[in-house]
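# generate a structure from the sequence data that follows.
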Amino acid sequence: MMSRSARRILSACVLSAAVAAALAAPGAASAFTLVQCEGGAIHGKGSSAQKLLQINIWNPQFNTSANGKACNGTQGSGGKPAVTYTSTGSGAGMESWGVETKAGGEIRFGKENAFVGTEIAPNKKQSEEITSHGAAGALLTIPVAQPAIAILIHLPKGCEKATGGPAPGRLAMKDSTVEKIFQGTATTWSKVLNKAKLVGNSECTKSLLSKAPISRVVREDGSGTTDAYMKYLGVVSKKEVAPGKTWSQLGEVANNTTWPNEAEHPVLRGNGGGGVVKKVAETPGSVGYANVADARANAAFVPPAGGSEKAVFWAVVESNKELYVDPSTNGEVATVADSNCAETLYTNGKKKFPPPTTTELWNEVTTSKKQKNYDICYITYDLALTKYSAFTKGTTVEEAPTEAEARTVADYLGYELSTGTGGGQEAAAGNDYAKLPTNENPTLSVLKIAQEGVSKVGF
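A predicted model of the protein is given here:
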């Protein structure tokens, strides 16, 4: 008869073998031998909507915050691995991980490209393109924050301000009007004023406004903000807006730079969200879209240069019949605040929201129509991997991901999602972003699902 101690040893061996087998299975994370904060320096790329959040807030606070998830020299091993970020746009970030990569483009998963920021949550094909570069492991689409998209307005030449209407001093835009402007079917200013009047010099008259063209200002680069914006437009109108394409289909490709009716009504383009803001600011008669953080960062859109009673401002947008909402919780002032997304309702197409895990597809997620909250909010994501060691196709030994880099990805994304004093979520709130949605039911809490996703990051 086997002794009790022998049975314990055998059970331990069986358990160890089971754990090893589980870790070796495709999609399973390899356990770290390194402890928190013992990793190496890493660099992230992608989303321009995350630019200010990453560079000005999360990157420095990861090495200075006293929060238990940070690495300021007192947590974990006592290390301070540095994290930096380059705003390339979501499309370029995803291309660097193998999505619709152009000929000659580099694909890397290591130190210089350890995680990708994006609002283009990969669809099934795009996820498969990324994972095809690994021998095993799964892609993690991890929610990190909620930005709001502001509709940027520069009144026509000669017009000094807007009066009357639902939002005196600014324009109140119906969601159907916003959709028609960017579809290229509402093309003159007289069609979009919604009971407001524009006042100014002799160039700003009713007869001239009936002919004054609206210039659409859009991104010149593949953009996650564009994807989120087009998904919103797709909620407003589900019809085809280009040959064989709905708004959602136009937005989901990595290089989403095609707009309806460009031949008849050309668009102006800016590089990155900040470039769109700049282009609208310098172009009378234009309408654009950008993260509210980028809009507020440009002095042309806030007092004293811009805002209410000025020619340059962001609009309030219809969220329900005759209910118009600002993208920021404190309106058009220079002081930063929360994006007005804390109570925004999301939908996941025909599937239940939120998706149950970060290994599921999040590409159908968008806002619901006709709610009491700001409509044009969205979730921004960071992409990571369950098994970085498997993603070495097309790389040299020097370029291959290391455990130290994967460790820092896990630590850093964990800090982004940390709560409480000095946490990444608290730092995002109040800086023109909003924290992720939470719920007492963990299966309905986007924050909880994201945090569980980070626990799957491995080497």
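
# what's the domain layout of this structure?
22-145+378-454, 149-221+257-338 (automatic domain parsing).

# weakest of those domains in terms of mean pLDDT?
Ranked by mean pLDDT, these bottom out at domain 22-145+378-454, which scores a mean of 92.

# how far does that one sit from the chain's center?
13 Å (C-alpha atoms, centre = their mean, to the nearest Å).

# what about T86, distance to F115?
Using C-beta to C-beta, to the nearest Å, we find T86 at a distance of 12 Å from F115. Yep, even glycine has a C-beta here, placed from its N, CA and C like the rest.

# now L385
As defined by C-beta to C-beta, L385 lies at a distance of 9 Å from F115.

# let me know how buried the residue nearest to G424 when sequence neighbours are not counted is, in neighbour terms.
Spatial nearest neighbour of G424, excluding adjacent residues (C-beta to C-beta, 6 or more residues apart in numbering): E416 at 4.1 Å. Neighbour count of E416, defined by other C-beta atoms under 10 Å: 30.

# E416 contacts Q61, doesn't it?
No. Using C-beta atoms under 8 Å as the test, E416 is too far from Q61 to be in contact (9.8 Å).

# shared neighbours of the two, anything?
Common contacts of E416 and Q61 (C-beta atoms under 8 Å, 6 or more residues apart in numbering): G424.

# tell me, what's touching T86 and F115 both at once?
G44.

# angles on the backbone of the residue nearest to G424, please.
phi -50, psi -40 (degrees, to the nearest 10).

# now do the contacts for it.
Each residue near E416 by C-beta under 8 Å, 6+ apart is listed here: W58, V144, A145, D382, G424, Q425.

# swap the cut-off to 6 Å and go again
By C-beta atoms under 6 Å, 6 or more residues apart in numbering, the residues touching E416 are W58, V144, G424.

# over to L385?
Going by C-beta under 6 Å, 6+ apart, L385 touches G137.

# for the residue nearest to G424, give its distance to Q371.
Counting by C-beta to C-beta, the gap from E416 to Q371 is 27 Å.

# can you check D294 too?
24 Å.

# how about G91?
In terms of C-beta to C-beta, G91 sits 29 Å off from Q371.

# in JSON lines, list the domains of the chain along with distance to Q249.
JSON lines is the format used below for these (distance: least, C-beta to C-beta, whole Å):
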{"stretch": "domain 22-145+378-454", "distance to Q249": "10"}
{"stretch": "domain 149-221+257-338", "distance to Q249": "10"}
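
# can you give me the strands for the stretch 101-250 of the chain?
115-118, 139-145, 149-154, 159-164, 172-173, 196-200, 215-219, 240-242, 245-246 (DSSP state E, counting those that start in this stretch).

# so how far is the last one off the chain centroid?
This means strand 245-246. That offset, for strand 245-246, works out to 22 Å (C-alpha atoms, centre = their mean).

# which other residues reach that strand?
Strand 245-246 is touched from outside by G234, E240, with contacts defined as C-beta under 6 Å, 6+ apart.

# ditto for the third one
Judged by C-beta under 6 Å, 6+ apart, the contacts made with strand 149-154 from elsewhere in the structure are 171, 173, 229, 280, 283-284, 286-289, 292, 295, 312-315, 317, 327, 376.

# tilt between it and strand 159-164?
120 degrees (axes from the mean of the first three to the mean of the last three C-alpha atoms, to 10 degrees).

# pull the CA atoms of strand 149-154 into CSV?
Taking Å, rounded to 0.1, in the frame of the first residue of the first chain, the C-alpha atoms of strand 149-154 are listed here in CSV:
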residue,chain,number,x,y,z
ILE,A,149,-14.7,62.6,-29.5
ALA,A,150,-15.4,66.3,-29.9
ILE,A,151,-17.0,67.7,-33.0
LEU,A,152,-14.8,70.7,-34.0
ILE,A,153,-16.3,73.8,-35.6
HIS,A,154,-14.7,76.7,-37.3
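
# so in that sheet, which strands flank it, and in what orientation?
strand 286-291 (antiparallel), strand 312-314 (antiparallel) (DSSP bridges).

# helix, strand or coil for A410?
helix (DSSP: H, G, I helix; E, B strand; the rest coil).

# any idea how many residues pack against the residue lying closest to it once chain neighbours are set aside?
Once flanking residues are discounted, A410 sits nearest to V457: 4.1 Å by C-beta to C-beta, 6+ apart. When neighbours are defined as other C-beta under 10 Å, V457 has 26 of them.

# phi, psi for V457 please.
phi -60, psi 130.

# so which of the domains of the chain comes closest to E240?
Closest to E240 of the domains of the chain, according to C-beta to C-beta: domain 149-221+257-338, at 9.1 Å.

# tell me how far the ends of the closest one are from each other?
Distance across domain 149-221+257-338, first residue to last, is 13 Å (C-alpha to C-alpha, to the nearest Å).

# how far away from the center of its chain is it?
On C-alpha atoms, centre = their mean, the centre of domain 149-221+257-338 falls 21 Å from that of its chain.

# can you check stretch 324-344 too?
17 Å.
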